[in-house]
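[1] Need coordinates for the below:
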Amino acid sequence: MADTDLLIAFAEETARSGHRYRKEILTMPKASVYGAIKDMTYVNGLHGKETTVIMKSDAKLIPYNPSQTKTNTTSFAERTLETFHADVEEEFDPEQAFGTMFDEKLTVKKINFDITRKICKQIAMTSCDGLNDTMWRGRRNPTGKDNLDICDGYMTIIDDEKKAGNISIAKGNYFQLGNLTVYNVVDKLKVWWRKQNPKFKKQKMNLWIPEFIWEMYEDGYAIKFNTQNYNKEFEKTMLHGTRNRVKLCSSEGMEENQYIFITPKMNTRVGGDGGIEEENYQGSSFEVRRGDSPKTCQFYMQTFFGVNFATLDKEFFSCASITVSDSEPFLNWDPEEVNFGEVAVGESLTKTVHISGEALSQTTTVNVTGTGFSCATNSVTAASANASGGVDLSVVFAPASAGDKAGKLLLTNAVDGVDVEIKLSGKGVAGIPRVTTDHIAVQFPATAANSTSTMVVNVKGALLTTGLTVAVVGDSEFTSNKDAITKVEALGADGLDVTITYAPTANGSHAAVLRITSATDGINVMIPLVGATS
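    Numbers count the residues shown, from 1 in each chain. So this is what the prediction gives:
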């Protein structure tokens, strides 16, 4: 065992020599994520925020016209890349490190052995290893104790933006690819690409997928295009069917991702420090210093790190949800939430939820919870769900009272592992009584004197509190078979038909008005009646 004076001297020598490797150590955060950022846009030296502005415009050249009206189609969208301060402080005994690395004891003759680089490089590598996980799955927590707490990662950003509605099928930047297998992965990824808009497809893109999906893609390509031809190019680097516009990209830390995405290199932005050493620079720093004990050394390093997308616009970004298995059943559904908006009390609104299955073996049960919500379909067979067109479910919102309402559309199939909750929401509002008719005016055909013609007017009410009065006002040649319509008749699903008879007794033209009224409900509908003799 080395003596105490020797350990103190060695600790001091280690601290001094650490400075010589400052630049190499400071590049470690960047080096640890280099496998990913070589296909991304790296913003070096950023400690704080940098906002990127993306402009969109639908301005068009059109034929010259002196009176042409100017258009206003240009908009600007901002997204901010923010890096967050992170550091590590580690104390170590250099004599123990020496014995571990060189398998021999420290002596006076060996005190100048420069092992600091190996010690510090190993600590830096270990402390930065988790940055790949941070890049993809991080969730910012200023009081956290883990790499994942430094900043929001790409998957966290996608998940939050989906919940905010900025990534959705309606926005055109979200797809549900469902279950990927070695047999369908080549076709599914190709179809996803071909569904993109023309501006998107003109660009060079990166498809970010976990390593195991990349391997599945290679195996699937071999199956699809036969082994002999495939072996000429075993490792696939470009997505088939994209004319070499889509590069396959992967990164450590993506293994647990539930999303994959296609985007140009410029859109995936990573901010951090890569070894800048300028006077008064407040970014990354590194030092080895004497520890609390004179026989120990302390390793200290700080840096900044953060990621974000420059834009989520469908012309630059497309995200897809996935599950992966060779045989796992899967149910797709769209939309993921249904908001009915405001619906008058006593009325109803129907919206459609589309479902489609893959490899389902059992019937999926359909249930609805929540006051005012319903669905006539209570089950969907595996054959119907697995069919190419899938199944449309008609969900009805019919509020019986005013106020916000919430419910769920539940799709369950325990055998196939289907357990889906689709949120339903809507608001019941007080409605206004009203009457609708299938005619706004009635023109009778030419009718001979002393003959008759009839026409039917359908009357339907909504939110009525009382019955209706029916009257014909005008020439006596027009008569009605009804002088009143009860509330029940008017509110019926089909309303009530009122028959108007035109019976001229002399040649000429005649006119009247069919009047439907309710003083209580403020109803006053007037339908002109016109007839003439032949």
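[2] can you give me the helices for the stretch 251-400 of the chain?
    Using DSSP state H, counting those that start in this stretch, the helices of the stretch 251-400 of the chain run over residues 382-386.
[3] So which residues of it form strands?
    For the stretch 251-400 of the chain, strands defined by DSSP state E, counting those that start in this stretch occupy the ranges 259-263, 268-272, 285-290, 297-309, 318-324, 330-334, 337-344, 349-358, 364-369, 373-375, 379-380, 391-397.
[4] Tabulate those strands in TSV, adding columns for mean neighbour count, mean pLDDT and distance to residue 467.
    The C-beta positions use only the backbone N, C-alpha and C, and glycine is treated the same way. As requested, the strands of the stretch 251-400 of the chain are arranged in TSV below (neighbours: other Cβ atoms under 10 Å; pLDDT from 0 to 100; distance: least, Cβ to Cβ, whole Å):
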stretch	mean neighbour count	mean pLDDT	distance to residue 467
strand 259-263	24	96	58
strand 268-272	24	92	67
strand 285-290	18	70	85
strand 297-309	23	86	61
strand 318-324	20	86	54
strand 330-334	20	85	44
strand 337-344	16	92	20
strand 349-358	18	92	26
strand 364-369	17	96	34
strand 373-375	18	97	29
strand 379-380	18	97	41
strand 391-397	18	96	27
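[5] right, and those - which one's nearest residue 39?
    Nearest to residue 39 among the strands of the stretch 251-400 of the chain is strand 268-272; the distance by Cβ to Cβ comes to 7.6 Å.
[6] what inclination does that closest one have with respect to strand 259-263?
    Calculated by axes from the mean of the first three to the mean of the last three Cα atoms, to 10 degrees, strand 268-272 forms an angle of 100 degrees with strand 259-263.
[7] Please compute how far strand 268-272 lies from its chain's middle.
    22 Å (Cα atoms, centre = their mean, to the nearest Å).
[8] I'd like to check the angle between it and strand 297-309, please.
    With the same axes, to 10 degrees as the basis, strand 268-272 and strand 297-309 are set at 150 degrees to each other.
[9] Show me what strand 268-272 is packed against.
    Where contact means 3 or more Cβ pairs under 8 Å, 6 or more residues apart in numbering; DSSP states H and E, strand 268-272 is packed against strand 41-44, strand 75-82, strand 297-309.
[10] one step back: and residue 430, which of the strands of the stretch 251-400 of the chain is closest to it?
    Counting by Cβ to Cβ, and looking across all of the strands of the stretch 251-400 of the chain, nearest comes strand 337-344 at 7.3 Å.
[11] what does the closest one rub up against?
    Residues outside strand 337-344 that contact it (Cβ atoms under 8 Å, 6 or more residues apart in numbering): 349, 351, 353, 395, 397-399, 409, 422-432, 462-463.
[12] again, only this time at 6 Å
    With contact meaning Cβ atoms under 6 Å, 6 or more residues apart in numbering, strand 337-344 is reached by 349, 351, 397, 399, 423, 424, 425, 426, 427, 429, 431.
[13] ok, and the closest non-adjacent residue to the third one?
    Using Cβ to Cβ, 6 or more residues apart in numbering and skipping residues adjacent in sequence, the residue nearest residue 397 is residue 340, 4.1 Å away.
[14] ok, now how distant is residue 142 from residue 84?
    From residue 142 over to residue 84 the distance is 8 Å, taken as Cβ to Cβ, to the nearest Å.
[15] ok, these two, which is more surrounded?
    Neighbour comparison, residue 142 and residue 84: the larger count goes to residue 84, with 20 against 8 (by other Cβ atoms under 10 Å).
[16] what is that one paired to in the beta sheet?
    Beta bridges link residue 84 to residue 305, judged by DSSP bridges.
[17] okay but it is in contact with residue 149, surely?
    No. Applying Cβ atoms under 6 Å, one finds residue 84 not in contact with residue 149, separated by 9.3 Å.
[18] was I right about residue 333 contacting residue 357?
    No. Between residue 333 and residue 357 no contact is recorded; they are 9.8 Å apart, counting by Cβ under 6 Å.
[19] Just list the residues touching residue 206, thanks.
    Shown in contact with residue 206 (Cβ under 6 Å, 6+ apart): 39, 247, 249, 265.
[20] who wins for neighbours among these?
    Neighbour counts for the contacts of residue 206 peak at residue 249, which has 22 neighbours (criterion: other Cβ under 10 Å).
[21] can you give me phi and psi for that residue?
    Reported as degrees, to the nearest 10, the phi and psi values for residue 249 are phi -130, psi 150.
[22] how many neighbours does the closest residue to residue 250 other than its chain neighbours have?
    The shortest distance from residue 250 to any residue other than its chain neighbours is 4.8 Å, reached at residue 211 (Cβ to Cβ, 6+ apart). By other Cβ under 10 Å, the residues close to residue 211 number 12.
[23] Return the distance of residue 211 relative to residue 61.
    When distance is defined by Cβ to Cβ, residue 211 is 47 Å away from residue 61.
[24] Equivalent analysis for residue 350, please.
    From residue 350 over to residue 61 (counting by Cβ to Cβ), the distance is 43 Å.
[25] could the helices and strands packed on strand 268-272 be laid out in JSON lines, adding distance to residue 159?
    Converted to JSON lines, the helices and strands packed on strand 268-272 look like this (distance: least, Cβ to Cβ, whole Å):
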{"stretch": "strand 41-44", "distance to residue 159": "22"}
{"stretch": "strand 75-82", "distance to residue 159": "16"}
{"stretch": "strand 297-309", "distance to residue 159": "13"}
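[26] between those strands, which gets nearest to residue 119?
    When the helices and strands packed on strand 268-272 are compared by Cβ to Cβ, strand 297-309 sits nearest residue 119, at 7.6 Å.
[27] What angle do strand 75-82 and the closest one make with each other?
    Computed by the same axes, to 10 degrees, the angle between strand 297-309 and strand 75-82 is 170 degrees.
[28] Remind me what strand 297-309 packs against, helices and strands.
    Using 3 or more Cβ pairs under 6 Å, 6 or more residues apart in numbering; DSSP states H and E as the contact criterion, the neighbours of strand 297-309 among helices and strands are helix 4-18, strand 84-92, strand 268-272, strand 285-290.
[29] avg pLDDT for the longest one?
    Translated: helix 4-18. Per-residue pLDDT values across helix 4-18 average out to 62.
[30] Spatially nearest residue to residue 141, not counting backbone neighbours?
    Once chain neighbours are set aside, the closest to residue 141 by Cβ to Cβ, 6+ apart is residue 149, at 4.0 Å.
[31] number of nearby residues for that neighbour?
    Residue neighbour count, defined by other Cβ under 10 Å, stands at 17 for residue 149.
[32] do the same with residue 506
    Once other Cβ under 10 Å is used to define contacts, residue 506 is seen to have 9 neighbours.
[33] tell me the domain ranges of the protein?
    With automatic domain parsing serving as the domain definition, the record reports that the chain contains domains spanning 4-51+78-309, 329-429, 434-532.
[34] got a markdown table for those, with distance to residue 57 too?
    Converted to a markdown table, those look like this (distance: least, Cβ to Cβ, whole Å):
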| stretch | distance to residue 57 |
| --- | --- |
| domain 4-51+78-309 | 12 |
| domain 329-429 | 29 |
| domain 434-532 | 43 |
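[35] Would you single out the least confident of those?
    Among the domains of the chain, domain 4-51+78-309 scores lowest, at a mean of 80.
[36] Run the chain-centre distance for that domain.
    Averaging C-alpha positions (Cα atoms, centre = their mean) puts domain 4-51+78-309 24 Å from its chain's average.
[37] Stretch 386-402 too?
    Counting by Cα atoms, centre = their mean, stretch 386-402 comes out at 21 Å from the chain centroid.
[38] Could you grab the helix/strand/coil label for residue 451?
    Three-state assignment for residue 451 (DSSP: H, G, I helix; E, B strand; the rest coil): coil.
[39] What number of residues are in the vicinity of it?
    Residues near residue 451, counting by other Cβ under 10 Å, number 12.
[40] Between all of the contacts of strand 337-344, which two are at the greatest distance?
    Greatest spatial distance among those (Cβ to Cβ): 423 and 431, at 24.7 Å.
[41] hang on, the earlier thing: how about the domains of the chain, which one is nearest residue 70?
    Within these, the stretch nearest residue 70 is domain 4-51+78-309; the backing value is 23.8 Å (Cβ to Cβ).
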